[in-house]
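**Student:** Below are the sequence and a predicted model for it; my questions follow.
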Amino acid sequence: MIKVTFRIPREVANVLGPLRFDVQGIVCDVTLSPAPARVPPPQGGAEGKGAQVTVEYQPRVNRIGAGGAFDDAALASEALEVVVRASNRVVHVAAYVGKNQKPVPMLDLFDLEELVCEDHHGAGAPRQIPSGGLLTKNRIRVKEPPASQMADVQKRLNAPSSVFLEAESLWHDSVEAFYDGRPREAIILLRAAIEVGWHAGFDQAAEAYRRCPWGTLPVALLDSIVERAKNKRTPVPQQLDEYSKTVFGFSFRKDWEPDKTEKWDRLNSFFDERHAVAHRTGVPRPETLWAALSLTREVLDKVKDLADAVVASCPPPGSPSP
């Protein structure tokens, strides 16, 4: 088990964690907590106290080198990559749930201070893995959510089913791009997350209908709907409206807010702005981009729920007729 502790120039008021999630195939337990004062002050000029970070995980690199010696270099390389990715994920998801709309730039290796990397292997004593001296940067306060919303932070960190893994990854990348001051990239990623997520849920529902011995959609009709819905020239709003209604029984235009169209109108404004950004030189407005983060999150969650409902309503072949 690898345990890495370090300080980062991001400040939190409360303990966040431990939070468990997957970082490129490695399950990590991450905790952020308020840090004590820097003594002595670092030469790099970092301000404030920063936050203390603890990351624990099971390594996947080969522990034993070619000569039979413990491979510190490989472990240190993997550890540094894992802890930077894990720290960015927790900081940005916490900032999102806490409704922080100010920049929180990506952390990199030069932001890690007082780094201690230990390998608790077997019954032996913890062994420090050398990682070299690293620099520091200025303080940045993270507006984290209250304790009552920490379950939502964990929910956003949880790995989704493999069906929605690509869409979820695109959404997390867009959150990081938003906080890292890359608005053009963020809005393009959000649009991609919706399209990829909708296709994933649509395919899951269509496959469930095909397996269903009795279904509301005959296979021939279903195949025709799938072909039209997934045509590259079919606009995403049409997919979310007409084809969602046909396959899921739910239209984001008519059923999302039955008595009004505020969210649907904002979603279309987001699509229009994304088109302008992608095909011209504009930069998305901050208020539009922040709203798009939350709207995209709602769309992805709703598509998952709708697809799950279709799967649950379609019994596997051989089931008795209702």
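**Tutor:** Received it, and whenever you're ready, just let me know what you need.

**Student:** Hmm, Glu11 is touching Ser33, no?
**Tutor:** No: counting by CB atoms under 8 Å, Glu11 sits too far from Ser33 to count as a contact (10.8 Å). For the C-beta atoms, the positions are set from N, CA and C on the backbone; glycine is no exception.

**Student:** Settle it for me: which of the two has more neighbours?
**Tutor:** Under the criterion of other CB atoms under 10 Å, the comparison of Glu11 against Ser33 puts Glu11 first, with 19 against 13.

**Student:** and that one, bridged to which residues?
**Tutor:** Beta-bridge partners recorded for Glu11 (DSSP bridges): Arg141.

**Student:** Overlap in contacts, Glu11 and Ser33.
**Tutor:** Ala51 (CB atoms under 8 Å, 6 or more residues apart in numbering).

**Student:** Got phi/psi on the closest residue to Pro34 other than its chain neighbours?
**Tutor:** Among residues not flanking Pro34 along the chain, Val12 sits closest, at 6.1 Å (CB to CB, 6 or more residues apart in numbering). The main-chain torsion angles of Val12 are listed as degrees, to the nearest 10 and equal phi -130, psi 150.

**Student:** Tell me the predicted confidence for Val12.
**Tutor:** The predicted local confidence for Val12 comes out at a pLDDT of 92.

**Student:** How many residues are close by it?
**Tutor:** The burial count assigned to Val12 is 24, neighbours taken as other CB under 10 Å.

**Student:** Could you double-check that it lies in contact with Pro145?
**Tutor:** No: the pair formed by Val12 and Pro145 falls short of the contact definition of CB under 8 Å, at 10.5 Å.

**Student:** Once you drop chain neighbours, what's closest to the residue nearest in space to the middle of the chain?
**Tutor:** Centre of the chain computed as the mean C-alpha position; nearest residue by CA atoms, centre = their mean is His172, 3.0 Å away. The spatially closest residue to His172, leaving aside those adjacent along the chain, is Arg89, at 6.8 Å (CB to CB, 6+ apart).

**Student:** Mind giving me the packing neighbours of the host helix or strand of that neighbour?
**Tutor:** Using DSSP states H and E, the secondary-structure element containing Arg89 is helix 72-97. Based on contacts counted as 3 or more CB pairs under 8 Å, 6 or more residues apart in numbering; DSSP states H and E, the elements that helix 72-97 packs against are strand 2-8, strand 16-23, strand 26-34, strand 51-57, strand 113-119, helix 150-157, helix 165-179.

**Student:** So for Lys230, which of these sits nearest?
**Tutor:** Using CB to CB as the criterion, the shortest distance between Lys230 and the helices and strands packed on helix 72-97 is 15.2 Å, found for helix 165-179.

**Student:** model confidence over the helix or strand just after that closest one, on average?
**Tutor:** Toward the C-terminal end, the helix or strand that comes next after helix 165-179 (DSSP H and E) is helix 183-211. If you average the pLDDT over helix 183-211, you get 91.

**Student:** How about stretch 298-312?
**Tutor:** pLDDT averaged over stretch 298-312 equals 93, rounded to a whole number.

**Student:** if we look at that stretch, which residues are touching it?
**Tutor:** Defining contact as CB under 8 Å, 6+ apart, one finds that stretch 298-312 is touched by 160, 163-164, 167-168, 171, 193-194, 197-198, 200-202, 204-205, 208-209, 240, 244, 247-250, 252, 256, 263, 267.

**Student:** Kindly report the same for stretch 241-249.
**Tutor:** Contacts with stretch 241-249, where a contact means CB under 8 Å, 6+ apart, come from 198, 201-202, 205-206, 209, 217, 225, 228-229, 234, 250-255, 303, 306-307, 309-310.

**Student:** can you rerun that using 7 Å?
**Tutor:** Outside of stretch 241-249, the residues within contact range by CB atoms under 7 Å, 6 or more residues apart in numbering are Phe202, Ala205, Ala206, Ile225, Ala229, Phe250, Ser251, Phe252, Arg253, Leu306, Val310.

**Student:** Perfect, that will be all.
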